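Q: Here is a sequence together with a model predicted from it:
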Amino acid sequence: MKNSNLAANALIAEIDKIAAAYGLIFVGISDLDMHLEAIRFNEWIAEGRQAGMDWMEKYPDIRAKPNRLLEGAKSALIFAFPYFLGDRWSRGKLEPSPKVAQYARLRDYHKFLRSKLTGAQQGLADLLGSDHRFRIAIDSAPVLERALAAKTGSMFIGKNTCAIDPKRGSFFLLGEILTTWFDPQLAKSEPSTHSERKDSGGCGTCRRCQVHCPTGALDKDYQIDARKCLSYWTIENRGEIPTEYWPWIARYIFGCDICQLVCPYNRGITTSEESKSLMKIEDFDLFEVATMDQEKYEIIFGGTPMTRAKRSGLRRNAIIAAVVRGESKTIQILDILMTDDDPIVSATAKTAKFFIKNNKNS
Ligand code: B12
Ligand code: SF4
Ligand code: SF4
């Protein structure tokens, strides 16, 4: 193996350099013993906390044993891409247009992160020896990414369930490289939360995210109930959205950053210059989104994570936000939207009529 005589610290410094060359932060190395995390994950699923995300029920065996994604894998090298934009949409309460979660305003991270990790993987093969095998996993792979990041000991899972770097906060995306390479000195297996570690730090007695979550989705420490999370409703849910969540969708039309923005670890964090250059979504008109055809949808949202909700979901969210905000242009065409070919759009327009009537009466 090349460079096997490099001292542990020198090796870490080399990996740091590789990561930095691709605009990434090297978080650390974790082993692949996920038995405790898998038990927690299965309990979470058993309680129905995944809401309608049925795809999360698949591949529990891979989540428990990530080496099923890469035969013989023994460790994961975790990388982070910081994306805090810090512009007027990042902070502040009620804006002229509803906000979009910051990560979703950039180009689709699945693509740019993969290309960065592909570069880093090449660097790792040169450093560690090409006799080792590597496999990139990002987001959609059945891997418990935050748990892996926390196992490195450089991060911890907070009560908002996000992976938090004590020095850099939580506005970053994660990606991993699974590998057959293993160094018992470097691969860590720290508990996920600080409450389970012996050292101080972590959330301590803070509960800000739980108190400020507008919908009570962080009802248990270190666990989310996606059935109550705005991010779930606006991004993942393929049906109608219950009216109890509508007032909040007028503020966050796609995703939600509240439980991160209120976290003390995100106070004073630096903005990411590279993120700014990857930004695509700045502002949009709710009427335009509520009524957009396929062509307009691709122009405004194409190549961004917002396509996860599809044209249908984004039109639904825009109708809700426009109605709650009292935007007359959209309200005036609700009768037309009620006959729309898209069943989610027509159903949302019908519910909107009731919503307006009830709110007038109350
Ligand atoms: C499904 C999913 C969602 C769902 C569910 C969120 C969730 N918290 O699980 C929804 C749609 C709601 C969502 C929202 C968001 N997501 Co998301 N999501 C995922 C995805 C695909 C899977 C997560 C998962 O497996 N959840 C299941 C739970 C059980 O797993 P877990 O959170 O790792 O759970 C651990 C802890 O909760 C803890 N735990 C559980 N029970 C217990 C009990 C005790 C006693 C203790 C101590 C601990 C503990 O151990 C668990 C197992 O490791 C990951 C990508 C991936 N492959 O990991 C991205 C991911 C987690 N999301 C991400 C992001 C950016 C977001 C949003 C910020 C987007 C937005 N602005 O709207 C929000 C944040 C909301 C929030 N507070 O989590 C990033 C997080 C980066 C970070 N710094 O943490 C990820 C890692 C994607 C990526 N590649 O970067 N997401
Ligand atoms: S993303 Fe928003 S709704 Fe979901 S848990 Fe965080 S604060 Fe609550
Ligand atoms: S807001 Fe407080 S409780 Fe929530 S994750 Fe941050 S430090 Fe932990």
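A: Sure, I can see it. Ligands and ions are numbered 1, 2, ... in the order given.
Q: For the rest of this, base every contact and every neighbour count on C-alpha atoms.
A: Will do.
Q: If we look just around ligand 1, which residues of the stretch 101-250 of the chain are in range?
A: Contacts of the stretch 101-250 of the chain with ligand 1, taken as C-alpha under 6 Å from any ligand atom, map to 101, 138-147, 160-164, 170-175, 193, 222-224, 226, 229, 231-232.
Q: Filter those residues down to the buried ones, PyMOL style.
A: Remark: buried members of these, expressed as a PyMOL selection using 16 or more other C-alpha atoms under 10 Å:
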select buried, resi 101+138+142+143+144+145+146+147+160+161+162+163+164+170+171+172+173+174+175+193+222+223+224+226+229+231+232
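Q: ok, and which of the residues of the stretch 101-250 of the chain next to ligand 1 reach ligand 2?
A: Applying C-alpha under 6 Å from any ligand atom to these, those adjacent to ligand 2 are 229, 231.
Q: Can you point out the buried residues in stretch 209-227?
A: In terms of neighbour count (16+ other C-alpha under 10 Å), stretch 209-227 has its buried residues at 209-210, 212-219, 222-227.
Q: Residues touching stretch 253-260, excluding its own?
A: Contacts with stretch 253-260, where a contact means C-alpha atoms under 8 Å, 6 or more residues apart in numbering, come from 98-102, 104, 160, 162, 170-171, 208-210, 212-213, 230-232, 234-235, 266, 306, 314, 317-318, 321.
Q: switch to 6 Å and redo it
A: With C-alpha atoms under 6 Å, 6 or more residues apart in numbering as the test, stretch 253-260 has contacts from 98-101, 209, 213, 231, 234, 317.
Q: With stretch 274-282 instead?
A: So stretch 274-282 is in contact with 83, 105-107, going by C-alpha under 6 Å, 6+ apart.
Q: Compile these into TSV and extend it with columns for distance to residue 350 and secondary structure.
A: Shown next, in TSV, are these (distance: C-alpha to C-alpha, whole Å; DSSP: H, G, I helix; E, B strand; the rest coil):
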residue	distance to residue 350	secondary structure
83	38	coil
105	30	helix
106	33	strand
107	33	coil
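Q: what's the closest of the residues you listed to ligand 3?
A: residue 83 (17.6 Å; C-alpha to the nearest ligand atom).
Q: Based on its surroundings, how many neighbours for the closest one?
A: Each residue near residue 83 was counted by other C-alpha atoms under 10 Å, and the total is 23.
Q: Give me the contacts around stretch 129-148.
A: Residues contacting stretch 129-148 (C-alpha under 6 Å, 6+ apart): 1-2, 63, 163, 175-181, 192.
Q: Stretch 308-315 now?
A: 235, 289-290.
Q: Run a quick neighbour tally on residue 7.
A: 10.
Q: Contact partners for it?
A: Residue 7 neighbours (C-alpha under 6 Å, 6+ apart): none.
Q: For it, give its distance to residue 273.
A: The gap separating residue 7 from residue 273 is 33 Å, by C-alpha to C-alpha, to the nearest Å.
Q: same check, this time on residue 180
A: 34 Å.
Q: again with residue 185
A: 34 Å.
Q: So for the two, which sits in the more crowded spot?
A: Between residue 185 and residue 273, residue 273 has the larger neighbour count (other C-alpha under 10 Å), namely 12 against 7.
Q: which non-adjacent residue is nearest the more buried one?
A: In space, and not counting its chain neighbours, residue 273 is closest to residue 85: 7.9 Å by C-alpha to C-alpha, 6 or more residues apart in numbering.
Q: Name the helix or strand for the one you found, please.
A: Counting by DSSP states H and E, there is no helix or strand that carries residue 85.
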